[in-house]
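Colleague: Pasted the sequence and its predicted model underneath.
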Amino acid sequence: MAKISEIEPIVLYEQEADARWASYSILVKVVTSDGRASYGEAVPTLRVLPVVSAVRQAAKAFVGRDPHEIYAGFYEWYRQDFFLSRSFESATALSAIDMALWDLKARELGAPLHELLGGAIRRRVPVYANGWYGGCRDAGCFAERAREVVGRGYTALKFDPFRDSFNSISPRRLKEAEEIVAAVREAVGEEVDVLIEHHGRFDANAAVEIAKRLEPYGPYFMEEPVHHEDLEAYRKYKAATGLRVAMGERLISVKEALQYLAEGLVDVIQPDACNIGGVTGSVKTATLAEAFSVEVSYHNAYGPVQFAVEVQLSAVTPTLYRLESFYDFWPRWKRDLIGDPFSVVDSSVEVPSRPGIGVDVDERVVERYRAEPREIQPTEEPVWVVRGTWG
């Protein structure tokens with residue numbers, strides 16, 4: 001019986017990208033004693049060095065185990081790591097390993113991952129565009145780019161119009177944000193979903209003020225309108241506005257997701273397979289969402305392995321809204337990493353039917369962009385924004 005023999009975190013880096021986090025990927029390679037290998041993906045952001053360290057530590061709980069026993073390994077790490085429920089680094093390490101093990105099992109069985117999860121509900125997954133507005137700070141730029149995105153077939157797009165606002169928003173910045181949203185709505189028409197990204201950076205008062213100004217433009221949802229951990233701010237926001245709330249990319253456990261679902265604080269939940277617990281945590285979160293009649297839209301920003309995994313997850317999610325997609329706006333090497341197999345047509349992608357997650361990682365690309373993990377220097381423009389939109 002084969003055992004897990006090695007788990008290796010691999011940092012990939014290429015400098016030019018529309019966001020500094022997009023310059024990095026952290027792959028996690030799981031190898032078995034009989035020579036089979038598979039990949040998961042972890043979250044980089046500013047945490048590249050500690051995430052790599054966390055993967056190496058979590059690996060010690062998995063090496064020597066049967067790779068088929070995915071839940072057993074998952075719960076062994078839950079037993080071992082006292083702070084898993086409070087540690088993003090531990091959660092993303094576990095998530096990446098979990099992804100790789102599901103891919104490994106599906107490949108061994110000769111089936112696509114979605115078949116192991118109950119079979120596809122849909123053969124094409126609807127997506128929305130993100131990452132398309134790098135360098136935009138005014139309404140004209142946003143409108144022009146939005147027209148281009150819709151011209152490529154997208155019927156939904158997301159963007160952050162708030163520039164360098166944080167916690168509060170000045171009258172000037174609020175006016176500029178309204179002008180940007182108004183220009184995008186005029187550019188794309190009424191049939192395209194407009195999604196407003198707040199990046200979880202406002203207090204309740206500012207978020208409510210923003211909602212009142214932007215509601216006339218018919219946004220489909222307001223993403224992370226307040227700070228992620230501020231449950232009281234979410235309560236105030238839901239009481240004061242009628243707009244849909246999307247959130248969830250920073251959830252690191254199913255139990256944390258339940259807090260927002262049970263209180264009715266979220267209308268579109270956005271679990272991220274890279275930190276909610278991989279395939280295991282994603283499926284459980286989607287099941288909870290279905291029980292609360294909440295739509296699911298997987299957060300999907302970091303890299304191509306995550307993208308492939310979440311296409312498979314989206315294929316089996318009953319209450320799916322759309323899958324987030326940076327795919328057409330990533331640096332080229334990220335698409336090359338998996339052979340660029342996806343094509344966005346009519347704002348959707350086909351669900352692969354090949355075994356596993358449906359793609360293969362190109363080891364030549366891995367070696368070309370392999371880099372040493374290092375600390376990242378913070379700058380005035382935070383790592384989490386699309387490049388050139390701050391200030």
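Modeller: On my side now, so go ahead.

Colleague: Not counting its neighbours along the chain, what's nearest Lys212?
Modeller: Thr241 (7.4 Å; Cβ to Cβ, 6 or more residues apart in numbering). Glycine gets a C-beta too; all of them are placed from N, C-alpha and C.

Colleague: In contact with Glu176, which residues are there?
Modeller: 138-139, 161, 163 (Cβ atoms under 8 Å, 6 or more residues apart in numbering).

Colleague: Is it part of a helix or strand, or is it coil?
Modeller: Counting by DSSP: H, G, I helix; E, B strand; the rest coil, the backbone at Glu176 sits in helix.

Colleague: Could you tell me the per-residue confidence at it?
Modeller: Listed pLDDT for Glu176 reads 98.

Colleague: repeat for Asn300
Modeller: Asn300 is assigned a pLDDT of 98 by the prediction.

Colleague: can I assume it is in contact with Asp272?
Modeller: Yes: the pair formed by Asn300 and Asp272 meets the contact definition of Cβ atoms under 8 Å, at 7.5 Å.

Colleague: what's the offset of the longest helix along the chain from the middle of its chain?
Modeller: Criterion DSSP state H: the longest helix present in the chain is helix 88-109. In terms of Cα atoms, centre = their mean, to the nearest Å, the centre of helix 88-109 is found 16 Å from the chain centre.

Colleague: same question for that helix, mean pLDDT?
Modeller: 98.

Colleague: On the C-terminal side of it, identify the next helix or strand.
Modeller: Sequence-wise, the next helix or strand downstream of helix 88-109 (DSSP states H and E) is helix 113-116.

Colleague: elements contacting that following helix?
Modeller: helix 88-109, helix 304-315 (3 or more Cβ pairs under 8 Å, 6 or more residues apart in numbering; DSSP states H and E).

Colleague: Can you name every helix or strand that the longest one contacts?
Modeller: Helix 88-109 sits against strand 24-32, strand 37-42, helix 48-62, helix 70-80, helix 113-116, helix 278-291, helix 304-315, with contacts defined as 3+ Cβ pairs under 8 Å, 6+ apart.

Colleague: CA atoms of stretch 300-312 as CSV?
Modeller: Extracted C-alpha coordinates of stretch 300-312, given in CSV (Å, rounded to 0.1, in the frame of the first residue of the first chain):
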residue,chain,number,x,y,z
ASN,A,300,-10.7,32.3,-7.0
ALA,A,301,-7.7,34.7,-7.3
TYR,A,302,-4.4,33.0,-6.6
GLY,A,303,-3.4,30.6,-9.3
PRO,A,304,-4.3,27.9,-11.9
VAL,A,305,-4.4,24.9,-9.6
GLN,A,306,-7.0,26.7,-7.4
PHE,A,307,-8.9,27.7,-10.6
ALA,A,308,-9.0,24.0,-11.8
VAL,A,309,-10.1,22.8,-8.3
GLU,A,310,-12.9,25.4,-8.1
VAL,A,311,-14.2,24.7,-11.5
GLN,A,312,-14.7,21.1,-10.3
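
Colleague: Select, out of the helices and strands packed on helix 88-109, the one closest to Val188.
Modeller: Closest of the helices and strands packed on helix 88-109 to Val188 is helix 304-315, at 23.0 Å (criterion: Cβ to Cβ).

Colleague: Give me the helices and strands touching that closest one, please.
Modeller: If you count contacts as 3+ Cβ pairs under 8 Å, 6+ apart, helix 304-315 packs onto strand 24-32, strand 37-42, helix 88-109, helix 113-116, strand 124-129, helix 278-291, strand 323-325.

Colleague: Distance of Pro378 relative to Phe307?
Modeller: Separation of Pro378 from Phe307 (Cβ to Cβ, to the nearest Å): 27 Å.

Colleague: Those two: who's more crowded?
Modeller: Phe307 (28 against 10; other Cβ atoms under 10 Å).

Colleague: which ones are touching the more buried one?
Modeller: Counting by Cβ under 8 Å, 6+ apart, Phe307 touches 300, 325, 327, 338, 342.

Colleague: Tell me the pLDDT of the closest residue to Tyr78 other than its chain neighbours.
Modeller: For Tyr78, ignoring the flanking residues on the chain, the nearest one in space by Cβ to Cβ, 6+ apart is Leu84 at 5.8 Å. Per-residue pLDDT puts Leu84 at 96.

Colleague: count of neighbours near Leu84?
Modeller: When neighbours are defined as other Cβ under 10 Å, Leu84 has 19 of them.

Colleague: quick one, which of the helices and strands packed on helix 304-315 is nearest to Leu251?
Modeller: Nearest of the helices and strands packed on helix 304-315 to Leu251, taken as Cβ to Cβ: helix 278-291 at 7.4 Å.

Colleague: same for the closest one, what does it pack against?
Modeller: If you count contacts as 3+ Cβ pairs under 8 Å, 6+ apart, helix 278-291 packs onto helix 70-80, helix 88-109, helix 254-262, strand 295-296, helix 304-315.

Colleague: for the record, mean pLDDT for that helix?
Modeller: 98.

Colleague: Just give the nearest non-adjacent residue to Phe88, would you?
Modeller: Using Cβ to Cβ, 6+ apart, the closest residue to Phe88 is Ile252 (5.8 Å).
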